[in-house]
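J.: Predicted model and sequence follow; I will ask about them next.
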Number of protein chains: 2
Amino acid sequence: MATNRTESVERAMSILSAFSTQKPIMSLAELAEETGLHKSTILRLTNSMRIYGFIQRDEDGRFSVGPSVWRLALIFRRDFTKREHVAPALRILAEATGETASFYVRAGNERVCLYRENSPNLLRFHVEEGMRLRLSTGASGLVLRRYSGEDMDDFSSFNENGTASSVGQTNPNISSISTPVFSAAGELVGALTVSGLATRFDEEARARAIPLLERLAHGLTTT
Amino acid sequence: MATNRTESVERAMSILSAFSTQKPIMSLAELAEETGLHKSTILRLTNSMRIYGFIQRDEDGRFSVGPSVWRLALIFRRDFTKREHVAPALRILAEATGETASFYVRAGNERVCLYRENSPNLLRFHVEEGMRLRLSTGASGLVLRRYSGEDMDDFSSFNENGTASSVGQTNPNISSISTPVFSAAGELVGALTVSGLATRFDEEARARAIPLLERLAHGLTTT
DNA sequence: CATTCTCGTTCTGTCAGATGAAACGCAACA
DNA sequence: TGTTGCGTTTCATCTGACAGAACGAGAATG
C-alpha cells in the first residue's frame, strides 16, 4: 500500500464501518462476509479494538460497536455545530417547505446525516440521523465535495451563492437543494439541505425555498 | 506483541483515545506528546483513519474526531439501553436522593458514563455524559468488574443483591452506590449509580437509597 | 442416532508492511 | 538574522500481520 497509510488500520476501520442500523450486531462469519476479511484477521483486529472499548462481543461471540465510540461521539458533537443550534433552522425549513430538512457532513468518501427534521407529510424522503449516503449523488454531496477542496469541473448545478440543486440523484423520485455552512474561520462545517418528492418539490418550489435556506445557513455561520 | 492482537491497530486506537473534552482538537506535536508515538507514525495512522472518516484535520492541520464516530455512536445508542428508557429512572433517583444519578458501561479497562441526571445541589459530584473513569475505583467500577466476568476476591463492598457501596474512591469526598442492570437475556448492560458528597450522602442516606436504586434497576431489565 | 456442515479458534511459515531516524522546508520567535 | 519547533517525506531495517490449515464443538440434516 501507499507508504503514507497503514493497511491493517484500514482493515480495522472497514470492520467498524461494516456496522449499520440494519446490522448493529454481527457474528464472526457475518463480519467476514461483510468485509471480505479472513476470520483469523478479524479476530486479531477486533481483539485490539476491544481492549480500547471500540468494539464489544456478547456471550454468543457476536460483535457490536463499543462504548468508546459513544464517548468520542460526544466529543465530536461538542466540537461541532450543536444540535440545539441547528435544530431551529431545520424546523423552520421543514415547516416552510413541507419537506425533510437535514444537515450533512463529509466522512471520507461518504456523507453522513448528523441532524434532520422529517417532513410532516406521510409521503416523504424519510431520513434518519446517522444515515450515510454516497458523496457522488445529491445536492449535499455536490456541496460537500465542492467546498472541501475537491476538484470539480461541472458547476451547472450551483447558483451564484454556491447552493446546489439536484433531481433524481439520491433516488429517482427525490429532488433536493443544499447550501454550505461555514465556521467563523471560513471552514466548511456541513451542508444544510432540503429534500422532497420531485413532483411536489419541483423547480418552482425549490426556487422559492432557496432564499430561506441560504439565509438560515448564513445564520448558522456566526458561531 | 501477542499473536491474537494487532499492534498498529492499538496504536491507532490510542490516538483516538487521546481526544477528550479538554482536548477535542490537537496538533501533530500535541498528539505525539499525548500518545508517545512518532510523528511520522501518527501521520500514517491518521491518514488511514481519515479515509474512513474517523478522524479529520482542519486547515491548520489539527486533528479531531470525525463524523464516522457519530454515525457509529447512533448505532451503539440504538443497540443499547436507550436514553429515553433510562432517563426516568435517573430523574427519580436524583430527585429522591438529591444526588447525581448516572449510568455507566464498561469500555475495555475503563468505565464510561452514558447518561446522567446531575444533582440540583450546587455542591455536587458533577458528571458529564462521555466522562470516563477508572474501573478500579468507585462503586460502579466494582459492579462492572464483578458482573463482566472478572475474577474478584473481595466482595465486602457488595450486599446480597450485588449492589456496591464505596466511599472516597473516585474522589476523597465522594461516596456512591451502584447496582447492575441486566438485559432480558441476563447479560450485563451497565451500572445504575448514585454519587454524592460523602458528608451528605452518608451511610444512612445510602442505605435509604439502595432499595429504590435496586427497584429501578430491576425495572430497566425487562426490555 | 450417525453423519455432515459450519462456526469460532489456534498455530505458523512467509513476506510484505510498519517503524522511526534523518533530512528538509517553512513559519514563528527572540 | 539566527534559532527553534513543527509538519512532511524518504528509506533501510526488521518485525509484525496475513491467511491457510487444522482442530474441536455445536448445529443441521438425513
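T.: That came through, no problem.

J.: Show me how the record splits chain A into domains.
T.: A:7-71, A:80-221 (automatic domain parsing).

J.: any chance of those domains in CSV, with distance to DNA strand D and mean pLDDT too?
T.: Any C-beta I mention is one placed from the backbone N, CA and C, and that applies to glycine too. Output for these, formatted as CSV (distance: least, C-beta to the nearest atom of the strand, whole Å; pLDDT from 0 to 100):
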stretch, distance to DNA strand D, mean pLDDT
domain A:7-71, 4, 91
domain A:80-221, 14, 84
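
J.: Out of these, which is closest to DNA strand C?
T.: Nearest to DNA strand C, of all the domains of chain A, is domain A:7-71, at 3.1 Å by C-beta to the nearest atom of the strand.

J.: Please compute how far the closest one lies from its chain's middle.
T.: 21 Å (C-alpha atoms, centre = their mean, to the nearest Å).

J.: for stretch A:206-223, same thing?
T.: So, by C-alpha atoms, centre = their mean, the centroid of stretch A:206-223 is 19 Å from its chain's centroid.

J.: wait, does it contact chain B?
T.: No - using C-beta under 8 Å from any C-beta of the partner chain, stretch A:206-223 stays clear of chain B, with a minimum separation of 15.3 Å.

J.: Buried ones in that stretch, by neighbour count?
T.: A:Arg206, A:Ala209, A:Ile210, A:Leu213, A:Glu214, A:Leu216, A:Ala217, A:Leu220 (16 or more other C-beta atoms under 10 Å in any protein chain shown).

J.: Assumed the last one was part of a helix.
T.: This points to A:Leu220. Yes - applying DSSP: H, G, I helix; E, B strand; the rest coil, one finds A:Leu220 inside a helix.

J.: Hmm, A:Pro88 and it touching each other?
T.: No - the criterion here is C-beta atoms under 8 Å, and A:Leu220 misses it with A:Pro88 at 9.6 Å.

J.: Spell out the secondary structure type for A:Val9.
T.: Applying three-state DSSP: A:Val9 is helix.

J.: for the residue lying closest to A:Ser17 once chain neighbours are set aside, what are its contacts?
T.: Leaving aside its chain neighbours, A:Ser17 sits nearest to B:Tyr52 (5.7 Å; criterion: C-beta to C-beta, 6 or more residues apart in numbering or on different chains). B:Tyr52 sits next to A:Glu10, A:Met13, A:Ser14, A:Leu16, A:Ser17, A:Ala107, A:Gly108, B:Ser68 when contact means C-beta atoms under 8 Å, 6 or more residues apart in numbering or on different chains.

J.: coming back round to it: among the buried residues of stretch A:206-223, which are located in helices?
T.: Members of those lying in helices (criterion: DSSP state H): A:Arg206, A:Ala209, A:Ile210, A:Leu213, A:Glu214, A:Leu216, A:Ala217, A:Leu220.

J.: any idea how far the fourth one is from A:Ala101?
T.: Translated: A:Leu213. 9 Å (C-beta to C-beta, to the nearest Å).

J.: Which neighbours do these two have in common?
T.: In contact with both A:Leu213 and A:Ala101: A:Leu93, A:Leu192, A:Val194, using C-beta under 8 Å, 6+ apart.

J.: So which elements touch the helix or strand the last one falls within?
T.: Using DSSP states H and E, A:Val194 maps to strand A:188-197. For strand A:188-197, the elements it packs on are helix A:83-97, strand A:100-107, helix A:139-147, strand A:174-182, helix A:203-221, judged by 3 or more C-beta pairs under 8 Å, 6 or more residues apart in numbering or on different chains; DSSP states H and E.

J.: which of those is buried the deepest?
T.: Across the helices and strands packed on strand A:188-197, averaging neighbours per residue (mean count of other C-beta atoms under 10 Å in any protein chain shown) puts strand A:100-107 on top, at a mean of 28.

J.: mind exporting that strand as CSV, just the C-alpha atoms?
T.: The C-alpha trace of strand A:100-107 is given here as CSV (Å, rounded to 0.1, in the frame of the first residue of the first chain):
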residue,chain,number,x,y,z
THR,A,100,-37.5,17.0,5.0
ALA,A,101,-34.7,19.3,6.3
SER,A,102,-31.3,17.8,7.1
PHE,A,103,-27.7,18.6,7.9
TYR,A,104,-24.9,16.5,6.3
VAL,A,105,-21.2,16.4,6.9
ARG,A,106,-18.5,14.7,4.9
ALA,A,107,-16.9,11.5,6.2
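
J.: What's the first helix or strand after it?
T.: strand A:110-117.

J.: For that next one, give me every contacting residue.
T.: A:80-81, A:83, A:86-87, A:90-91, A:93-94, A:100-106, A:127-135, A:138, A:140-141, A:144, A:190-191, B:53, B:67-68, B:70-71.

J.: just to revisit the earlier point, got the phi/psi numbers for the residue nearest to A:Ser17?
T.: phi -100, psi 0 (degrees, to the nearest 10).

J.: Likewise for A:Asn159?
T.: Phi and psi for A:Asn159, reported as degrees, to the nearest 10, are phi -90, psi -170.

J.: Thought A:Phe54 was touching A:Val69, still the case?
T.: Yes - contact between A:Val69 and A:Phe54 holds when scored by C-beta under 8 Å: they sit 5.8 Å apart.

J.: Name the residues contacting each of those two.
T.: A:Leu16.
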